[in-house]
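S.K.: Sequence first, predicted model second:
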Amino acid sequence: MPHSMKKYQAHKQSDRYFGNPVKKKLPLKMSAPKYRQNQQVLFLGGKGTIKKCRPDSGLWTYVIEMELGPEPEMGRVGPETTIVLDEPELQESVY
């Protein structure tokens, strides 16, 4: 095997094993995400705002910041709750 080919294969392996960014391509059958960043959505258990989305196993997965309810008597301990849901679990909100 030529020296340049060995060098290429070593570089290719380092990208895979040492966390260098590798561009991911979407499957051809996957459509664009249905919801956009900062859009308000409904789901079983509450309402929230989309913060991020990414493709995962043929579905779009969303990071959602849940809406705060009324403040409890003892005050709040931390920030809003953030959850991760797949696209079929969400509905568009009109509030």
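M.R.: Looks like it came in fine.

S.K.: Run through the strands of this structure in chain order.
M.R.: Here the chain has its strands, by DSSP state E, at 40-43, 46-56, 59-66, 82-86, 90-92.

S.K.: For the shortest one, buried residues please.
M.R.: Residues of strand 90-92 classed as buried: residue 90 (neighbour count, 16 or more other C-beta atoms under 10 Å). Placement of C-beta: from N, CA and C, glycine included.

S.K.: Strand partners (parallel or antiparallel) of it?
M.R.: Here strand 90-92 has these sheet partners by DSSP bridges: strand 40-43 (antiparallel).

S.K.: which residues touch the residue lying closest to residue 36 once chain neighbours are set aside?
M.R.: What sits nearest to residue 36 in space, not counting adjacent residues and going by C-beta to C-beta, 6 or more residues apart in numbering, is residue 50, at 6.9 Å. Applying C-beta atoms under 8 Å, 6 or more residues apart in numbering, one finds that residue 50 lies in contact with 35, 36, 37, 38, 39, 40, 41, 62, 63, 64.

S.K.: One more pass at 7 Å, please.
M.R.: Residue 50 sits next to 35, 36, 37, 38, 39, 41, 62, 64 when contact means C-beta atoms under 7 Å, 6 or more residues apart in numbering.

S.K.: ok, now residue 61?
M.R.: 53, 54, 84, 86.

S.K.: who wins for neighbours among the residues you listed?
M.R.: Within the contacts of residue 61, most neighbours by other C-beta atoms under 10 Å means residue 53, with 18 neighbours.
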